[in-house]
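Undergrad: build the 3D model from these lines:
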Amino acid sequence: MATTTRVSFYVSAHQDDWQLFMNPQAFRDVRDEACRCVFIHVTAGDAGLGSGTGGREHPLYLARDNGTETAIHFMADADNRVPADPVIGTPRLNGHSVRRVGYRNTVACFLHLPDGNPEGTGYAATGFQSLRRLAAGDVAAIAAIDGSATYRGWDDLRATVRELIVGEAGPLPCDMHIPEQDATINPGDHADHMISARLVREAAAGLPIRWWHHLGYAAAERPENLDRDRRDLKCAVYAVTVAGVLALGHPMSWHHYNGLYCGRDYSRSEGPA
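TA: This is a model prediction of the structure:
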């Protein structure tokens, strides 16, 4: 295996965000064996179900986890490679357990915090907990829906994410891909997207990072800007994500998101080259 010379982080509020808004850049990085690609999924994407199943065999959040893990493994194995065994663990970061799945040159981390809904007000079934309410001080704590951790305030969560970033990056140069926070560029985005970006910006303060800011929902209003080859890469990864969710018995739209996002990838960068 190639020596790791750089690290790229992809920060998503939900398990399909990086596929929709930060690809095919993610595919490009995963295919570079000298790059460690770390995918951080902040919420469980549970849509208010918590750890419930919604009448199906498996909880929604586990189906969405399966979708993103399947997509990551697909990218890592895409060049006719025999599939490997993932390395699954729950390291303690700032005193909290975080699910970590290593696969070849990739890492997927899951904090499994409650989905905050598009407005950031949370859902009744998960006690109206949300990233936005935690950041504003409207709730004193937020608990992972799988019971793995409880964060006692924004500072506790931020310190945990910083430990994750520092531990995965080490001394290597880093790129950090996050949702675009500027609402004049990226209006109407999901509250979880915006607060996840804020969380990582604060957690990584002072670290030598090149930042990539990616449009979210607003990208659908822009012209398609991917050529055929890059669009095919993005479509393939999203299709595999959908298949991974469907495999655990939950519905997921293909045509809707394919029409809105698969031909588009808008981002801007700042920081050291």
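Undergrad: without its sequence neighbours, what residue ends up closest to Asn225?
TA: Of all residues not flanking Asn225 in the chain, Arg264 sits nearest, at 6.0 Å (CB to CB, 6 or more residues apart in numbering). For glycine as for every other residue, the C-beta is placed from the backbone atoms N, C-alpha and C.
Undergrad: contacts only, for Gln129.
TA: By CB atoms under 8 Å, 6 or more residues apart in numbering, the contact set of Gln129 is Leu113, Pro114, Gly116, Gly122, Val139, Ile142, Ala143.
Undergrad: correct me if wrong: the residue nearest to Asn225 contacts Arg230.
TA: No - between Arg264 and Arg230 there is no contact under CB atoms under 8 Å: 10.4 Å.
Undergrad: before we move on, back to that, need the contacts of Gln129 in a markdown table with distance to Gly45, neighbour count and secondary structure, can you?
TA: A markdown table is the format used below for the contacts of Gln129 (distance: CB to CB, whole Å; neighbours: other CB atoms under 10 Å; DSSP: H, G, I helix; E, B strand; the rest coil):
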| residue | distance to Gly45 | neighbour count | secondary structure |
| --- | --- | --- | --- |
| Leu113 | 10 | 27 | strand |
| Pro114 | 10 | 29 | coil |
| Gly116 | 11 | 29 | coil |
| Gly122 | 14 | 24 | coil |
| Val139 | 19 | 19 | coil |
| Ile142 | 15 | 27 | strand |
| Ala143 | 16 | 18 | strand |
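Undergrad: can you tell me which of those is closest to Tyr257?
TA: Gly116 (20.1 Å; CB to CB).
Undergrad: quick one: the nearest residue to that closest one once chain neighbours are set aside from Leu111, how far?
TA: Counting by CB to CB, 6+ apart, Gly116 lies nearest to Ser130, which is 3.0 Å off, once chain neighbours are set aside. Distance, Ser130 to Leu111, by CB to CB, to the nearest Å: 13 Å.
Undergrad: and for Thr90?
TA: The separation that Thr90 has from Leu111, given CB to CB, amounts to 12 Å.
Undergrad: more neighbours: the two, which one.
TA: Leu111 (27 against 13; other CB atoms under 10 Å).
Undergrad: which SS class is the more buried one?
TA: Recorded secondary structure, Leu111: strand (DSSP: H, G, I helix; E, B strand; the rest coil).
Undergrad: straight-line length of stretch 119-131, end to end?
TA: 11 Å (CA to CA, to the nearest Å).
Undergrad: cool, stretch 112-130 as well?
TA: 11 Å.
Undergrad: may I see the buried residues of that stretch?
TA: In terms of neighbour count (16 or more other CB atoms under 10 Å), stretch 112-130 has its buried residues at His112, Leu113, Pro114, Asp115, Gly116, Asn117, Gly120, Gly122, Tyr123, Thr126, Gln129, Ser130.
Undergrad: right, I'll leave it there.
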